[in-house]
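J.: next comes the sequence, and after it the predicted model I'd like to discuss.
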Protein chains: 2
Amino acid sequence: MEQKQKSEFTKQLILEESFRLFYSNGFKSTSVDKVMLATKLTKGAFYHHYKNKQELGLAVITTKVKERVYDGMVAPLYQPGNALDILKATFIDRLKSFSIHEKKHGCPMNNLINEIGDEEIAYQIALKKIIEEWQAALIFLIDRGKLEKSIQQNIESKAVAIYLISAFEGIRGIRKLYQDDAILEAYISGLSFYLQKLEV
Amino acid sequence: MEQKQKSEFTKQLILEESFRLFYSNGFKSTSVDKVMLATKLTKGAFYHHYKNKQELGLAVITTKVKERVYDGMVAPLYQPGNALDILKATFIDRLKSFSIHEKKHGCPMNNLINEIGDEEIAYQIALKKIIEEWQAALIFLIDRGKLEKSIQQNIESKAVAIYLISAFEGIRGIRKLYQDDAILEAYISGLSFYLQKLEV
DNA sequence: TAAAAAACATACTACCTAGTATTTTATTAC
DNA sequence: GTAATAAAATACTAGGTAGTATGTTTTTTA
């Protein structure tokens, strides 16, 4: 049973280093050689654990990228409390909490969507799954807010969910072009106004 | 004077083919060789007109990409008429008018922002310029709408402008993951609700 | 403990990459 | 018409790319 652990450790190591490199330098700019240099293992180890680079890309999306979005943007939506407050907290606080690195390099998911989201159907399916998990959590929260009368009844939960996600991913990209946070503050101001209009 | 025309024609040809290939396959996946194969010229011609691939990338951004955004999303904002109607028309009609190809491959500007927007400051400056031209047009229109009492006085024009742009670019990326327009319809519904809240 | 299998290393292939050096062809200026 | 110059073609370099073939070491199983 020791071999399985070792194998799992290596696969995880490759996953972590490749996520890190994909995020910093992009998917296409990150070669298998570069990933394996970072792990201090060799190409032989890589092709023993993964069929090819696409399989690695998919593994990174379905594990690291998915977990990142889930932890940061999905799980908080299932917490108890006033629905609108949770929306505000999740979207605004998350943005404010980003490191310099995360502001400079944008959203790992959005980067992949725009770099390779139109290339392989397999990538589309994997990335779509993350978006839909996020969307479902938002719809759940908005519906709860309607029931609990903190959010207006007449709005379309799905439309609001998509509009929130779109704007968030959009600004993560745009922020990459700037050296300071002024653009984020404008976004937060725009978002706050929007959320206010959802209030009952 | 015939030589200058020929030179200009070649530069334009290279620009057009590279924009097309960057848009379809991405910037990094498009080699100088591929571009020149499309022009039916050779590498010698390329390096006679451009210093390197970065200079080509910048030229594509400052001409083709910029013009595309200007024609589709900026110029319409300077037309006369009810400000809110113009906002609706520009954002919603533009989205509805996209070809299958444009839906599949997203926004050329947003693709570049997310693929190379964190790599070179030169790219950032060039891309930022387009965003700011767009933003300025939106602020101008929203301010006009306030004056003409079709848009609420108490909103922040800049915040609304950034929120509109973010959501639009965001959905252009997300749409790449899907095979149909349902997600766009949800976005349009979300956008319509938002625009309605700007109304006086 | 020996054979089998898994984990990993080494060495390699075939091809693509940006960019350069040099030559040929077309155009312009005198 | 000829020298100079611009436009473009050809041939090349040095290094990176994904992936393969094969060998070695470690672990498991019988």
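T.: All right, it came through fine.
J.: close to chain B, is the lengthiest helix in chain A?
T.: In chain A, with assignment by DSSP state H, the single longest helix is helix A:121-147. Yes. Counting by C-beta under 8 Å from any C-beta of the partner chain, chain B has neighbours in helix A:121-147: A:Gln124, A:Leu127, A:Lys128, A:Ile131. (Each C-beta comes from the backbone N, C-alpha and C, glycine too.)
J.: and which of those is nearest to DNA strand D?
T.: Minimum distance to DNA strand D across the residues of helix A:121-147 next to chain B is 18.3 Å, recorded for A:Gln124 (C-beta to the nearest atom of the strand).
J.: so which helix or strand takes in the closest residue to DNA strand C within chain A?
T.: Residue nearest to DNA strand C within chain A: A:Gly44 (1.7 Å; C-beta to the nearest atom of the strand). Element membership for A:Gly44, per DSSP states H and E: helix A:43-49.
J.: name the helices or strands packed onto that helix?
T.: If contacts are counted by 3 or more C-beta pairs under 8 Å, 6 or more residues apart in numbering or on different chains; DSSP states H and E, helix A:43-49 sits against helix A:2-25, helix A:32-39.
J.: ok, which of the ones you listed comes nearest B:Ile100?
T.: Among these, helix A:2-25 comes nearest to B:Ile100, with 28.6 Å by C-beta to C-beta.
J.: can you list the buried residues in that closest one?
T.: A:10-11, A:13-23 (16 or more other C-beta atoms under 10 Å in any protein chain shown).
J.: ok, now stretch A:100-111?
T.: A:Glu102, A:Lys103, A:His105, A:Gly106, A:Cys107, A:Pro108, A:Met109, A:Asn110, A:Asn111.
J.: show me what contacts the residue nearest the centre of chain A?
T.: Nearest to the mean C-alpha position of chain A, counting by C-alpha atoms, centre = their mean, stands A:Val69 at 3.7 Å. A:Val69 makes contacts with A:Met109, A:Ile130, A:Glu133, A:Trp134, as judged by C-beta atoms under 8 Å, 6 or more residues apart in numbering or on different chains.
J.: thinking again about what came up before, what does the helix holding A:Gly44 rub up against?
T.: A:Ser7, A:Thr10, A:Lys11, A:Ile14, A:Val32, A:Asp33, A:Val35, A:Met36, A:Thr39, A:Leu56.
J.: swap in stretch A:164-173?
T.: By C-beta under 8 Å, 6+ apart, the list of residues contacting stretch A:164-173 from outside reads A:73, A:87, A:91, A:95, A:106-107, A:109-110, A:113-114, A:131, A:134-135, A:138, A:183-184, A:187, A:190-191, A:194, B:110, B:113-114, B:117, B:162-163, B:165-171, B:173-174, B:187, B:190.
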